[in-house]
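Asks: Kindly generate the corresponding structure for this input.
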Amino acid sequence: MSADISPANNARPLRISFFDKFVMLHNESNSALAAVVHSEALSCLARECFVTLVATMEGPKSQNCKLSVTNTRSWNQIPVCLIRFVVHGLLSEKEHVTRILDAGELYLQRPDSSEYDVRVRYFNPMYLVPTGKDIPERTEFRGSLIGNQTTTSFDEFPLGEVIKDQVQKVFDEPTVSSLVLPLNVKQSSRIITKLKCHQVEALNVMVRREHGDPNIDTTYPSLWEKCVQEKETTYRHAITGFTQAAPLPSVSGGILADEMGLGKTLSTLALICHHLDKIPNISSCQTDAITRVSLVVAPKSTIFGWQHQIETHIKPGKIRSLVFLGPTRHQFIDSLPKLDVVLTTYDTLRSDWMSNGPLYNFTWARVILDEAHKIRNCSTKTFLAASALRARSRWCLTGTPIQNSLDDFGSLLAFIRVPPFTSRDQFRFWISSPIMLNQQRDMKQLRKLVAATCLRRTKLRLNTALNLPKKTEHIEVVDMTSEERCIYDFFMKRSYLLAHDESKTVQEISACDDEHPKKRQKKTAYSVNQQLTTRSRSGQNPVVLISILRLICDHGEALLPTVALEAWQNREPGKITWDFLQTTAEKDSDDVFNVEEAENATELQDAHTLENARKSGADGGSITQERSVLPIHPAIWTGEEHSHTKIRRKNVGQKFSPSSKVSAVLRNILHTLPKGDSCDNHSPPVKSVIFSSWIGMLDLIGSALIPHLYSYNLTYARLDGSCDLQQRRNAIIKFRNDDRCVVLLATVGAAGEGINLTVASEVHIVEPLWNPMAEVQAIDRVHRMGQTREVKVMKYCVKHSIEEASF
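Replies: Residues are numbered from 1 along each chain as shown. Here you go, the predicted structure:
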């Protein structure tokens, strides 16, 4: 048994002794005290059970990992060490061991094979094993099991469902600042639109965090606690407990994490206008040092949204703005200091960072990252490029500060430079590790950190004030045709065999066919998913096959990649092997789905993100131009290596009649269409947004939709990652303003965030997404401030398929 977290590369053996509830750990080499661990559970385990504990410490290369606070100036540079305990015991005591460790909130993980005698049977009483099965061999594991989620590695700190809900509740709780902060700052006269109460509140908080001193303002949540003892005043850090004679300078900026659709953009424009109003009152020596210009970095899909917000809410001529991107952007370099707002994309930022471009020649008044979760991976070029910008204030705008991992929040803190969390190791040491290992006990620390750095309001909390219309969600269950089911079962069987190293025989799989189809499907899908991260580690990635199953759910064989299509047409399942898939992936990216560079499946917002990860190499940054990741059948699609070379076949939809899922979408859309010219004489028509992960699926839906729309004298708009900024602008304007344009076909990556689509009132999610937060963001394009109609959300799920695992 093991309380292991992750395999150690530089682990040092430790000698263990106990003193009451404390575990004393000494270096075996020199007997120096290495650490003291307070753990009643470990002490109880040693006293009450016949066990042997073997401890190792993993940490910095320095031989001394003891934590020292003698030098207050280096308090944020403390080394981070992980201690691992391998437990050897008797199987007869497994229940007692489980009870003791569970009471202490300690959870056993799989040890590395180098840490124990592999001739001894490994058993983990905390590992849930299906009836009749044994604990998998070491090669079948990838990373650790924390809570009830299998993760890619401890370093990534993914969240299980239970702990993710607990963390989300911390963010959704009212903060002190939003309850008691005086609202002394009024909106600028530059703004036409009257701010909502929560936007005025946001303006006050943001102004205070830029110009106030929260370290000495008792009405403001701070990471420093003032301590007065015997006429001596010191400051204690609320998270680390370190004490100093004076607090560190306050952070200028923060995280505005209001739920999607609550007007973060307008709140931020209000802050910029307030700053511009105050500039004449600032002395000349200060204006020489601090520029007036705010830099907004956003995904390409949201640039038009910022332009539209400025045009709609700001008096003409009161804000000078410029979109800085594209190959001709350098001609505007001399104009940048004369502006008020510069809008650019993450791609442009990354490019300028790599070439030391003009965006790094200035000290900006503030840098604002829109959809800031784009920098959640601090090892990417996108994060490094954003962090390298020089600015007086730094802001993160995101409705999803945490998507899959606590480290997502840590990256935002590092960007706004909250000490000591400018280092990922420090954030993990003080926040992530304690929460993941102790769960509820350490939520208090996270709560303090969120209150001092983050302002978040939810629609639920503001529902009365906002008076948002009702939102209803419905899952549309789709039955496959017999032909679609035949194709699906063909690939499901093959997926099952590959996921289990073909240890099951074809006869065993066929025997499963005699079971109830739903029971058979769940059993097979469960087995495939259990092997997902295992195969990823060895380069054998079932994400490819799972994605094929998802494509079949969408449109049978119409979307199959060439390899899979040939195997199906020739009824040659043996042709689909790991080696063959990988070889084909390396040969032609337009022919198969390559996911080698994807860090882990849980981080995939939707299918095209995988191709972006591959295209961007080790960066994994935000590439807003998505591709057709799983190639479309040649009769449908020729590939989309670059947007300007994209070619759509004229016979799209002629070879394939609408699939069961497309028919379900059409049926629901047709019920909303106005008859004849009624849209000219009555209230605005009901408009719908259809989201899909697959560009090819949008082609097929559009092809099936055109005849029906034509018969009603109606049309639709299209928005995907191949559209340039002007095409995006035209599509959104057409959908908003043309009453005859009643449908918007969109990929989640292109329209799933940062766009206002309140002109629509119906949302269709064609297939479940990898990342549920991406789905929430897509829906909130429609259900947000400004919506006047009840919003209906239709989510499509194929019955007895792998899609059911997502609901």
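
Asks: count of residues packed around the nearest residue to Glu173 once chain neighbours are set aside?
Replies: The shortest distance from Glu173 to any residue that is not its chain neighbour, by C-beta to C-beta, 6 or more residues apart in numbering, is 7.1 Å, and that residue is Arg447. Every C-beta, even on glycine, is put in place using the N, C-alpha and C of the backbone. Under the neighbour criterion other C-beta atoms under 10 Å, Arg447 is assigned a count of 16.

Asks: domain ranges for the protein?
Replies: Split into domains by automatic domain parsing, the chain comes to 12-141, 176-466, 480-645, 660-806.

Asks: Which one of these lies nearest to Thr472?
Replies: Among the domains of the chain, the nearest to Thr472 by C-beta to C-beta is domain 660-806 (5.6 Å).

Asks: Let me see the contact set for His764.
Replies: Contacts here follow C-beta atoms under 8 Å, 6 or more residues apart in numbering; on that basis His764 touches Val665, Asn668, Ile669, Ser688, Val689, Ile690, Phe691, Val793, Met794, Tyr796.

Asks: So which of those sit within strands?
Replies: Here DSSP state E is the test, and the contacts of His764 give Ser688, Val689, Ile690, Phe691, Val793, Met794, Tyr796 as lying in strands.

Asks: Do you know the pLDDT at the last one?
Replies: Pointing back at Tyr796 there. pLDDT for Tyr796: 96.

Asks: And it, how far from Leu183?
Replies: Using C-beta to C-beta, to the nearest Å, one obtains 45 Å as the distance from Tyr796 to Leu183.

Asks: who's more crowded, the two?
Replies: Each of Tyr796 and Leu183 has its neighbours counted (other C-beta under 10 Å); Tyr796 has more, 24 against 11.

Asks: Give me the neighbour count for the closest residue to the more buried one other than its chain neighbours.
Replies: Nearest-residue entry for Tyr796: Glu476, 5.0 Å, with adjacent residues in sequence omitted and distances by C-beta to C-beta, 6+ apart. Applying the criterion other C-beta under 10 Å, we find 15 residues in the vicinity of Glu476.

Asks: tell me the mean pLDDT over stretch 462-470?
Replies: Per-residue confidence for stretch 462-470 averages out to 80 on the pLDDT scale.

Asks: next one: stretch 745-752
Replies: This predicted structure assigns stretch 745-752 an average pLDDT of 83.

Asks: What spatial separation is found between the residue nearest to Glu173 and Ile755?
Replies: Counting by C-beta to C-beta, the separation of Arg447 from Ile755 is 32 Å.

Asks: quick one: Gln450 and Val170 touch, right?
Replies: Quick fix: residue 450 reads Val, not Gln. Yes: between Val450 and Val170 there is a contact at 5.8 Å, judged by C-beta atoms under 8 Å.

Asks: lowest confidence element among the helices and strands of the chain?
Replies: Every helix and strand of the chain was ranked by mean pLDDT, DSSP states H and E. The lowest is strand 145-146, at a mean of 26.

Asks: tell me which element the residue nearest to Ile375 when sequence neighbours are not counted falls in.
Replies: Excluding its sequence neighbours, the residue lying closest to Ile375 (C-beta to C-beta, 6+ apart) is Phe383, at 4.3 Å. Phe383 belongs to helix 381-387 when elements are defined using DSSP states H and E.

Asks: pLDDT on that helix, on average?
Replies: Across helix 381-387, pLDDT averages out at 94.

Asks: I'd like to know which elements it is packed against.
Replies: Identification of packing neighbours for helix 381-387 by 3 or more C-beta pairs under 8 Å, 6 or more residues apart in numbering; DSSP states H and E yields helix 346-355, helix 406-416.

Asks: and of those, who's closest to Asn204?
Replies: Among the helices and strands packed on helix 381-387, helix 406-416 sits nearest to Asn204 (C-beta to C-beta), with 18.4 Å.

Asks: Using PDB, list the CA coordinates for that closest one.
Replies: Presented in PDB, the C-alpha positions along helix 406-416 are these (Å, rounded to 0.1, in the frame of the first residue of the first chain):
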ATOM      1  CA  LEU A 406      -6.500  24.700  -9.000                       C
ATOM      2  CA  ASP A 407      -3.400  25.600 -10.900                       C
ATOM      3  CA  ASP A 408      -5.600  27.500 -13.300                       C
ATOM      4  CA  PHE A 409      -6.200  30.100 -10.500                       C
ATOM      5  CA  GLY A 410      -2.600  30.000  -9.600                       C
ATOM      6  CA  SER A 411      -1.600  31.100 -13.100                       C
ATOM      7  CA  LEU A 412      -3.900  34.100 -12.800                       C
ATOM      8  CA  LEU A 413      -2.300  35.100  -9.500                       C
ATOM      9  CA  ALA A 414       1.100  34.800 -11.000                       C
ATOM     10  CA  PHE A 415       0.200  37.100 -13.800                       C
ATOM     11  CA  ILE A 416      -1.200  39.800 -11.500                       C
END
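
Asks: Give me the distance from the following helix or strand past it to the chain's centre.
Replies: Along the chain past helix 406-416, the next helix or strand (assigned with DSSP H and E) turns out to be helix 424-427. Helix 424-427 has its C-alpha centroid displaced from the chain centroid by 19 Å (C-alpha atoms, centre = their mean, to the nearest Å).

Asks: ok now the very next helix or strand once past helix 424-427, how far from the chain's centre?
Replies: Next along the chain after helix 424-427, taking DSSP H and E as the criterion, comes helix 433-438. The gap between the average C-alpha position of helix 433-438 and the chain average comes to 20 Å, counting by C-alpha atoms, centre = their mean.

Asks: just stretch 164-176 next, same as before
Replies: Averaged over its C-alpha atoms, stretch 164-176 has a centre that lies 17 Å from its chain's centre (C-alpha atoms, centre = their mean).

Asks: what residues does the host helix or strand of the residue nearest to Glu173 touch?
Replies: Element membership of Arg447, judged by DSSP H and E, is helix 443-453. When contacts are taken as C-beta under 8 Å, 6+ apart, the neighbours of helix 443-453 outside the stretch itself are 166-167, 170-171, 173, 175-177, 214, 221-223, 238-239, 251, 254-255, 413, 416, 418, 421, 430-431, 434-435, 456.

Asks: Now list the buried members of those residues.
Replies: 166-167, 170-171, 175, 177, 214, 221-223, 238-239, 251, 254-255, 413, 416, 418, 421, 430-431, 434-435, 456 (16 or more other C-beta atoms under 10 Å).

Asks: sorry, back to before: for Leu359, state which of the contacts of His764 is nearest.
Replies: Leu359 has its nearest neighbour among the contacts of His764 in Phe691, at 32.2 Å by C-beta to C-beta.

Asks: Please, where are all the helices along the stretch 701-807 of the chain?
Replies: If you assign secondary structure with DSSP state H, counting those that start in this stretch, the helices in the stretch 701-807 of the chain sit at 725-737, 748-751, 772-779.

Asks: Of these, which shows the lowest average pLDDT?
Replies: When the helices of the stretch 701-807 of the chain are ranked by mean pLDDT, helix 748-751 comes last with a mean of 81.

Asks: what sits against the residue nearest to Ile375?
Replies: Applying C-beta under 8 Å, 6+ apart, one finds that Phe383 lies in contact with Ile375, Arg376, Asn377, Ser411, Ala414, Phe415.
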